[in-house]
Structure formats: structure tokens, C-alpha cells
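Chemist: Sequence first, predicted coordinates after that:
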Amino acid sequence: MVKMILWRSVYAVASLFVVSVIVFAATQALPGDAAVAKLGKNATPAALESFRQLYHLNDPLPTQYVNWLGNILQGRLGVSFATGFPVGSLIGDQVANSLVLIAATVVIAVPLAVVLGILTAIRRDRATDHISSVLMLVISALPEFVLGVALVLLFATNVSQVLPAVSPVDPSRSIFQQLDLIVLPTLTLVLLVLPYVVRTVRACMIEALESEYVTMARLKGMSERRVVLRHALPNMAGPTFQVVAQSLAYLAGGVVVVESVFQFPGIGQAFVSSVLSRDLPVIQAVAMLLAVFYVLVNLLADIGTVAMTPTMRGGTR
Amino acid sequence: MTPPDDIAVATPASATTGTARKRNAAPPRKQQSADGVRAVLRRTLRLRGARVGLVLMLVVMAIAFLGPLFSPHDPTATIGSPYALPGGDTLLGTELLGRDVLSRFLHGGAVILLLSLLATVVGAGTGMLLGLVAGYRRGVRGELIMRSLDVVLSFPPLLLALLFMSLLGTSPLLVLLTVAISHVPYVARIVESSTLAVTGRGFVQYCEMIGVPRRRILTGEILPSIVAPLTVQFGLRLTYSISLIASLAYLGFGRQDPAVDWGMMISQNQSNVVGSPWPVLLPVLAITIVTVGANLLTDSFGRAVGVDLGREG
């Protein structure tokens, strides 16, 4: 168990290192020229040269990389090309906003998915199960932005004008005072992760209900409710935890699109707009943040799954 | 993720070139040649989901690829005031810049569907090759291939694509490549584990013993046995491709105005969706129908060949 956690942590650190190389390579080392990208094709050679001097773009690539990584590790994220402000203070609020969004999604989606998964497993092959599985299939096929726009069409247009179509959160007030703005983005993200969790919970539940220990419990005359809740349910902890953590990792990509759909000022929108304006330091910082989140959540998924599955705990994988 | 023995699929190639060898090698496997591609297709199409999915996909593909022939106007020409209501010259009104909604819709699908198809073919093809080699040769080489593919998995696919576009700009080729790359590790994993399962079986070991060249074993013996999970993966990946490419287009990394694609059409007209819903509704419906159709078809095929659709990513 301990050995496995150590191994996975080493692996996570290694992936983060590779991630940093890729982020650096994709943004700074590729043939595209950051100076031209920023200043435009009509910039004078002198201006380009001084820009390169300012951001040390003329140094050899390994030197650039080491300096860049060193700065990032010390929390110095650089200065935005577009605004001239330090990146850290620029994206601080947006990181917080996104975290609220993700937290709200998880708090709503997980209990809902577990209940739905158990219900559909108990009513297997009946109407509830069929309707749910078709709905899940449809939802899981849709691109994030299509789902978001569909929800806007349903809830923010002539059909029923109950919620705001866009979510321009006012930075001067706390996000908790503007909760109506995060309803639709949260709903979109909840629907996006729901199919995966429901499917896993349902499959585990069906497997458990067909197992010998459940048959035994039933033969003893135990009530069906107690069989499901006390005997079958605990065995789903491992797989459910894993799929929830994977959904969280998926959200690292999902927020990018969903925030753009609703113009929600979060980390994902910051990423898209920085890519569109080619604001290199912001791109690098946000990409690293999202990748760190992604790798950490995946690490958590692996460790948590082993910790929650008694049969795997003893292994030394 | 391995195909159960009784429902393995045979391709015509293995049924003809490999028959003699196979008869000696593994008598119990003979039923597989009887259960050919046609039988699997028939079994798939017997499922309602498959028929519905196929029809949905064909409808949208017809619109996307044949639509331009029936376009009433030039999709780039301004023919009226912005957001004119349907009527008169235009069947469905005009969009943000006063161009015909119907014409732009009919012209906007082909690029996305074509790019998705190509990206899936390139990505799944590469993943298949790497997975085959990694699964068959195992050892250091296999480990090396699989571990280096894991690197791609440490990024959300969309993030990876955007990262490369931040400096290189957007071009269809770059979209195709980044989307294809994001498929490779998933396909390779499935193919590797399926290959591993087959490699240990009698008929493969027999071929190795009698000295059949490695390449022939890979293409003639192993490939046919993993066709079923591979096809399922292809279907899943196609759905993701469409999603990903449409999303990139929506975010502004697709074709650039005045050219048109469905993703961009949605984002351009989204702010006035209350006043004129058509320019948003049409592409939303088209993307919905084609992805749901692809998913239904894949799901049914998976059921018909007994492959579990382990969805990830």
C-alpha cells in the first residue's frame, strides 16, 4: 500500500515534469516567434529585438526552460504581455471562481449520480432504467458547448426566461451573492459528468446484487432495503470514488469550454482568451495550473481507489 | 476488454489466406470463420439503436456533404440586414452580418465532419499500430511505447490542442493532428491488452513455432481477432473527434470568417439567440444528431459483438 502510494507519487512528479516540458515546448520553443506573435508582423526589427531581450527569448532553449521552471516553482508566474500586470494577481480571482464552479458541480452531481445509479440497477430492464440509459447515452455524446447552448435555449430564451444566459460575475462582490449566475454553468457540468458516474454505480450495483453474499443475505430473510444499503452499497465505494475522481479530472478540460459558453470569468475562459490574444505568460501559467490539477486528481483517484478497496489494499503494485 | 472467444470476428483476409494454417492450428476457432463480417453486421442492424443511429448519421452527413449543392445563396454574401426574420428571399432569415442562415448552415458541416473522420482514422490507425507492436513484442519495447503514450494522458485533450494553437496559429492540419494525437493512447491501450490476450493463445504460438514471419502473424492472425474492440474504439473516438473539433471551432480555432463551420456559426450568433434562434438552433441540432447517432451505432455494435464500451477520457 505504502509502496504503491510512493510509486504513484513518483510517477505523478515525473508526469508533471513532462507536462512542464510540453507546455514550455509548445509555447516558447516551437518555430513560431512569440515576439512576432505579440507585436504583429509589422513591428520594426528593433522593437522585436528589444522585446526578445526583455523576455530573454534569445537565450539558448535549455537556459530559458530552467529559468522558466525555476520562476514557476517559486510562484513567480511572470507578467502578462497583454495587460502588463503580474499573472498571479490577474488569474487569482478566476481560479477561485472556477473552484466554486467545480465544487458546486461535485456536490450536486455525486449524490445525484449515486442515487440514479442505484435506482436504475434495482429497476434493471424496466422503464426507469431504459429511459435513464437512453438519456445518459444522448448526454454523453454531446459536446460540452452544445449542451450549454441547449440549456441556454431552454432556460434563458422565449421557452422559459428564468435564468441569465451569460454569467458575467461582478468581481467587486462575492460570487456567493450572485449565485443565480452559476446555476446554468453548474447544471451543464453536472449533466456532463453524470453519465459516467451513473453508469459505473449501476454496473457495480448490478454486480453486487448478483453476488453470493447478497443472495445469502436475502436467504436469511433480510429486508431488501437493508440488503441494498448495508451489504451491496459499501462495495461500490472504490469504483465510485475512482470514477468521481476521473470526472473531476475531466472537469479540468470541461470548464474551459463551459466557461466560454457562459462567459463565466474563470480559469478556463482566461485560458481561451489568452490563447486568442497570444498572451504567453498567462497561457503557460494557466496550462500548468490545469495540468497540475489534472495530474493530482488522477493520482488521488488511484490512491483512493486502492485505499477503499479492501482486496487491493494488501497488494504491492 | 478482451473479446469473448465465442464472438470473435473474422475478416475476409483471415478467412481466405489463413484457412489452411488455421484449420491445423486451432480447431475450436473454426466457428469464427463462419461468423463473418456479414453476420456481425446483420446482428448489429437487428438492434433498433443501430438502425436509428445509422439513419441519424446518414441524414446529417447528407446535409453536410450534399447540402452545398442546394444552397440558395452564396454563404459569404451579405443579402439583407443583420438578423432579418425568415421570409421573402430567405427561408430562415439572416445572421449576425446579414448572410443567409440556411446557406451558411448547408456549407458549415463538411469541414467539421471531414476533419473528424480524418483525425479519427489517423489517430486510431497510429494507436492500433503502436498497440499491436507493444502488445505483441512486449518487453522493453512495449513498455517504452506504452509509457511514452501515457504522457499524452497527462493533459486534457482540449488543453493540449489549444496549447499548440497558441503559438502556431490555427490551421486545419494542426487541428487534425492535435485531435489525432489525443486518440492514440486510448486506442493503443485497448489494442495492446487485446493483443496480449490473443498472443498467448494456441493458434498464435503454433504459427510462431512453424516459423510464420512476425509481420504475417500480426496482420493475419492477431489483427482479425481484435477487429471487434478496435471497431468499437473507432466509433467512440469518432464521436469524440466531432465533439472536440466542433468545440475548437466554437472557441474560435476553426475556420475564420467569412468561411463558415457549425461551431463558429453558433458562437457568432449566440448573443442574439432570443431574437433569432435559427442560426444557433440549426447547427446545435445537427451536431447533436450526428454525435448521438454515432454513439448509438457504436453502442449497438459493441453489444452485438460483446465488447464492453469502457468509456474513458
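Modeler: Yes, it's here.

Chemist: Which part of the stretch 51-200 of chain B gets nearest to chain A, residue-wise?
Modeler: Using C-beta to the nearest C-beta, the single residue of the stretch 51-200 of chain B nearest to chain A is B:Pro156, 2.9 Å away. Just so you know, the C-beta spots here come from the backbone N, C-alpha and C atoms, and that holds for glycine as well.

Chemist: Check the burial of the spatially closest residue to that residue that is not a sequence neighbour by counting its neighbours.
Modeler: Sequence neighbours aside, A:Gly253 is the residue nearest to B:Pro156 in space, at 2.9 Å (criterion: C-beta to C-beta, 6 or more residues apart in numbering or on different chains). For A:Gly253, the number of neighbouring residues by other C-beta atoms under 10 Å in any protein chain shown comes to 24.

Chemist: Please give me every residue in contact with A:Gly253.
Modeler: A:Leu290, A:Tyr294, B:Pro156, B:Pro157, B:Leu158, B:Leu159 (C-beta atoms under 8 Å, 6 or more residues apart in numbering or on different chains).

Chemist: coming back round to it: ok, the residue of the stretch 51-200 of chain B closest to chain A to A:Gly254 distance?
Modeler: 8 Å (C-beta to C-beta, to the nearest Å).

Chemist: so the residue in chain A that chain B sits nearest to is in which element?
Modeler: The nearest approach of chain A to chain B comes at A:Gly253, 2.9 Å away (C-beta to the nearest C-beta). Using DSSP states H and E, A:Gly253 sits in helix A:237-262.

Chemist: what about that helix, average pLDDT?
Modeler: When pLDDT is averaged along helix A:237-262, the result is 84.

Chemist: And stretch A:24-33, by the same measure?
Modeler: 67.

Chemist: What are the buried residues along the longest helix anywhere in chain A?
Modeler: Longest helix in chain A, counting residues (DSSP state H): helix A:87-122. For helix A:87-122, the neighbour count (16 or more other C-beta atoms under 10 Å in any protein chain shown) marks A:87, A:90-91, A:93-95, A:97-98, A:100-102, A:104-106, A:108-110, A:113-114, A:116-122 as buried.

Chemist: Help me see whether it makes contact with chain B, please.
Modeler: No: for helix A:87-122 and chain B, the contact criterion (C-beta under 8 Å from any C-beta of the partner chain) is not met; the two come no nearer than 13.2 Å.

Chemist: And the next helix or strand past that helix?
Modeler: helix A:127-141.

Chemist: quick check: angle from that next one to helix A:87-122?
Modeler: With axes from the mean of the first three to the mean of the last three C-alpha atoms, to 10 degrees as the basis, helix A:127-141 and helix A:87-122 are set at 150 degrees to each other.

Chemist: in the helix or strand hosting B:Val121, what's buried?
Modeler: Assigned by DSSP H and E, B:Val121 belongs to helix B:110-137. The neighbour-count check on helix B:110-137 (16+ other C-beta under 10 Å) flags B:110-113, B:115-124, B:126-136 as buried.

Chemist: likewise stretch B:69-80?
Modeler: Quick answer for stretch B:69-80 (16+ other C-beta under 10 Å): B:His73, B:Pro75, B:Gly80.

Chemist: How far does that stretch stretch from one end to the other?
Modeler: The stretch stretch B:69-80 measures 22 Å between its terminal residues, going by C-alpha to C-alpha, to the nearest Å.

Chemist: Stretch B:161-180 vs chain A: in contact?
Modeler: Yes: using C-beta under 8 Å from any C-beta, we find that stretch B:161-180 touches chain A at B:Leu162, B:Leu163, B:Phe164, B:Met165, B:Ser166, B:Leu167, B:Leu168, B:Gly169.

Chemist: Give the rounded mean pLDDT of that stretch.
Modeler: 83.

Chemist: what do you get for stretch B:70-87?
Modeler: 80.

Chemist: Up against chain A, what does the stretch 1-150 of chain B have?
Modeler: Neighbours of chain A within the stretch 1-150 of chain B, by C-beta under 8 Å from any C-beta: B:Asp150.

Chemist: can you list the weak-confidence ranges in the chain?
Modeler: You didn't pick a chain, so chain A it is. A:29-41, A:158-162, A:167, A:171-173, A:175-177, A:310-317 (pLDDT under 70).

Chemist: my bad, the chain I had in mind was chain B
Modeler: Using pLDDT under 70, chain B drops low at B:1-35, B:307-313.

Chemist: In it, which residue is most central in space?
Modeler: B:Leu238 (1.7 Å; C-alpha atoms, centre = their mean).

Chemist: give me the element that one is part of.
Modeler: Here B:Leu238 is assigned to helix B:227-250, by DSSP H and E.

Chemist: Next SSE downstream of that helix?
Modeler: Per DSSP H and E, the helix or strand that comes after helix B:227-250 is helix B:262-269.

Chemist: counting contacts, what elements does the helix or strand just after that next one pack onto?
Modeler: Using DSSP H and E, the helix or strand that follows helix B:262-269 in sequence is helix B:278-305. Contact here means 3 or more C-beta pairs under 8 Å, 6 or more residues apart in numbering or on different chains; DSSP states H and E; on that basis helix B:278-305 packs against helix A:127-141, helix A:144-155, helix B:37-45, helix B:48-66, helix B:101-107, helix B:227-250, helix B:262-269.

Chemist: and the angle for the longest one with helix B:262-269?
Modeler: With the same axes, to 10 degrees as the criterion, the two stretches helix B:227-250 and helix B:262-269 enclose an angle of 30 degrees.

Chemist: and if you look at the fourth one?
Modeler: Interaxial angle of helix B:48-66 relative to helix B:262-269 (the same axes, to 10 degrees): 70 degrees.

Chemist: sorry, back to before: how far is the helix holding A:Gly253 from where the chain is centred?
Modeler: Relative to its chain's centre, helix A:237-262 lies at 4 Å (C-alpha atoms, centre = their mean, to the nearest Å).

Chemist: and what of stretch A:188-197?
Modeler: Using C-alpha atoms, centre = their mean, the offset of stretch A:188-197 from its chain centre is 12 Å.

Chemist: What sits closest to the residue nearest to the centre of chain B if chain neighbours are left out?
Modeler: B:Thr120 (4.6 Å).

Chemist: Residues of the stretch 51-200 of chain A that sit close to chain B?
Modeler: A:137-138, A:140-146, A:149-150, A:152-153, A:156-158, A:165, A:196, A:199.

Chemist: Could I have the PyMOL command that selects the buried members from those residues?
Modeler: The PyMOL command for the buried members of these (criterion: 16+ other C-beta under 10 Å) is given here:
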select buried, chain A and resi 137+138+140+141+142+143+144+145+146+149+150+152+153+156+165+196+199
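
Chemist: Settle this for me: the residue of the stretch 51-200 of chain B closest to chain A is touching A:Tyr294, isn't it.
Modeler: Yes: counting by C-beta atoms under 8 Å, B:Pro156 touches A:Tyr294, with 5.9 Å between them.
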